[in-house]
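In: A structural model of the following input is requested.
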Amino acid sequence: MVRRTLLLALLSLALTSTAWAQAEVCLECHLKITPGIVHDWQSSKHFQNDVNCTTCHGNAHTSATDVDQVEIPTPETCEGCHEDQVEQFMKGKHAQAWTVMKAMPTIHWQPQALIDGMKGCGACHKIGIKSEEEIKQLKAEGVGFGLASCDACHTLHTFSAEEARQPEACRICHMGFDHPQWEMYSGSKHGVRHSLKRAGVLPETAAAPTCQTCHMQEGNHEVRTAWGFLALRLPMPEDAAWAADRATILQALGVLDPEGNPTARLDAVKAVDLARLDQAYWQAERDKMLATCSECHSENFAKAELEKGDSMIRQADKLMAEAIRVVAGLYQDGILEPPNDYEYEFPDLLTFHDAPTVIEQTLFVMYLEHRMRTFQGTFHANPDYALWYGWSAMNRDLTEIKERAAELRERHGG
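Out: Numbering: from 1, shown residues only. Take a look at the predicted model:
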């Protein structure tokens with residue numbers, strides 16, 4: 001037994017020595033052509049734990065003539081050492097980001113550099129899992145990088161856990177038009193206290209939640225919220241008016257048909273976990289959030305604050321549904337052409353800026369920018385976003401949509 005153990009140890013040492021010999025070959029070249037990569041790796045935990053170039057990139061690439069043989073790591077590569085984190089990630093919404101982007105009805109109309117070239121939507125949605133076929137196609141198109149998923153938060157080649165724990169790691173994607181969580185968080189009491197704590201104004205013991213505190217409890221890589229990204233869920237609420245409003249929004253998303261029956265898009269929503277589709281699922285995530293909030297606040301306070309967010313979703317849905325019905329009425333009366341290849345007399349909110357008329361584009365902005373800000377601003381404790389960038393903007397959108405609809409009807413002859 002002792003002899004076998006010794007032999008295994010010697011074999012391991014020999015393999016390690018071989019791997020490091022190969023790494024030395026990599027260093028000799030890359031210290032000259034990409035020194036930043038080498039320095040990042042040398043400062044990493046990987047370097048300290050004998051994880052070298054060949055571990056992640058294979059050993060087929062040995063010179064400038066075979067660069068195409070470099071293996072680009074994927075979550076499966078990371079899984080060898082980080083099994084729990086990869087398993088959690090694969091269950092979460094981030095893993096579906098690439099699939100969601102590719103499922104958008106007019107995504108193929110966009111410039112290639114923005115999507116597969118990852119200079120627009122693709123730059124954030126690249127965190128999602130890609131099939132082997134998709135990876136082959138991307139490589140064939142000259143997109144050999146940005147396929148790893150894990151490096152979206154743990155920048156290669158440092159792959160720092162400490163970096164990924166900072167709220168700025170989320171800022172790269174969670175900012176701007178339809179999901180300005182960074183702006184909301186950094187201007188909220190939570191974000192301000194975190195800034196003051198960093199600056200030394202507040203002590204190290206001060207409560208200062210980050211994005212990860214609330215959305216990655218105990219480091220869980222699923223990264224979930226109770227309502228889901230779009231704040232739409234099943235079952236329908238008991239309140240009949242709210243249920244009707246939510247149904248209208250789901251119809252404009254193509255998830256329900258005009259009679260309220262599920263469509264093929266609902267299956268797509270289920271497949272990518274974009275919404276909470278039963279009460280138990282929603283409640284489980286709500287309970288996790290309550291437990292997190294209750295570490296700093298009383299449970300009563302936490303419940304009341306989250307219920308305010310629920311209430312604002314209801315109020316936002318009322319405005320949104322009214323606006324959708326106005327535009328749907330224009331289709332039904334033959335004043336506007338329904339969206340191409342869309343079988344229902346409802347606007348398709350997922351066409352985004354590709355909607356053909358100004359009134360339809362105003363509707364999409366109302367949904368994806370201002371409705372999102374109304375409820376997200378409330379949940380992120382940012383009053384300015386909830387009111388002025390959200391609720392107030394939705395009211396202005398509705399006024400504009402009604403006025404434009406009246407003009408279109410008059411132009412059409414009543």
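
In: List the contacts of residue 328.
Out: Neighbour list for residue 328: 252, 345-347 [criterion: Cβ atoms under 8 Å, 6 or more residues apart in numbering]. Where C-beta positions appear, they are placed from N, C-alpha and C, glycine not excepted.

In: all helices of the stretch 51-200 of the chain, in order?
Out: Counting by DSSP state H, counting those that start in this stretch, the stretch 51-200 of the chain has helices at residues 53-57, 75-79, 83-91, 97-103, 121-125, 132-140, 161-164, 167-171, 181-186, 189-198.

In: ranking these by mean pLDDT, which is last?
Out: Comparing mean pLDDT across those, the lowest value falls on helix 132-140: a mean of 86.

In: end-to-end on stretch 357-375?
Out: Stretch 357-375 has an end-to-end distance of 27 Å (Cα to Cα, to the nearest Å).

In: quick one on the thing from earlier: list the ones among the contacts of residue 328 that fall in helices.
Out: Of those, the ones assigned to helices by DSSP state H are residue 252.

In: what's the most distant pair in the contacts of residue 328?
Out: 252 and 345 (10.7 Å; Cβ to Cβ).

In: Looking at those two, which is more packed in?
Out: Using other Cβ atoms under 10 Å, the more surrounded residue of residue 252 and residue 345 is residue 252, with 25 against 16.

In: pull the helix or strand with minimum mean pLDDT from the protein.
Out: helix 2-33 (a mean of 61; mean pLDDT, DSSP states H and E).

In: On the C-terminal side of it, identify the next helix or strand.
Out: Under the assignment DSSP states H and E, the closest C-terminal helix or strand after helix 2-33 is helix 35-42.

In: Which of the residues in the helix or strand just after that next one are classified as buried?
Out: The helix or strand immediately downstream of helix 35-42 is helix 45-48, counting by DSSP H and E. Buried residues in helix 45-48, counted by 16 or more other Cβ atoms under 10 Å: 46-47.

In: distance between helix 45-48 and the chain's centre?
Out: 29 Å (Cα atoms, centre = their mean, to the nearest Å).

In: State the mean pLDDT of it.
Out: The model assigns helix 45-48 a mean pLDDT of 93.

In: Select the longest helix from the chain.
Out: When the chain is parsed with DSSP H, its longest helix is helix 299-332.

In: Name the residues that touch the helix or strand just after that one?
Out: On the C-terminal side of helix 299-332, the closest following helix or strand by DSSP H and E is helix 358-365. With Cβ under 8 Å, 6+ apart as the test, helix 358-365 has contacts from 323-324, 327, 330, 336, 347, 349, 351-353, 355, 397, 400-401, 404-405, 408.

In: Restricted to buried residues, select those residues in PyMOL.
Out: Buried residues among those (16+ other Cβ under 10 Å), as a PyMOL selection:
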select buried, resi 323+324+327+330+336+347+349+351+352+355+397+400+401+404+405+408
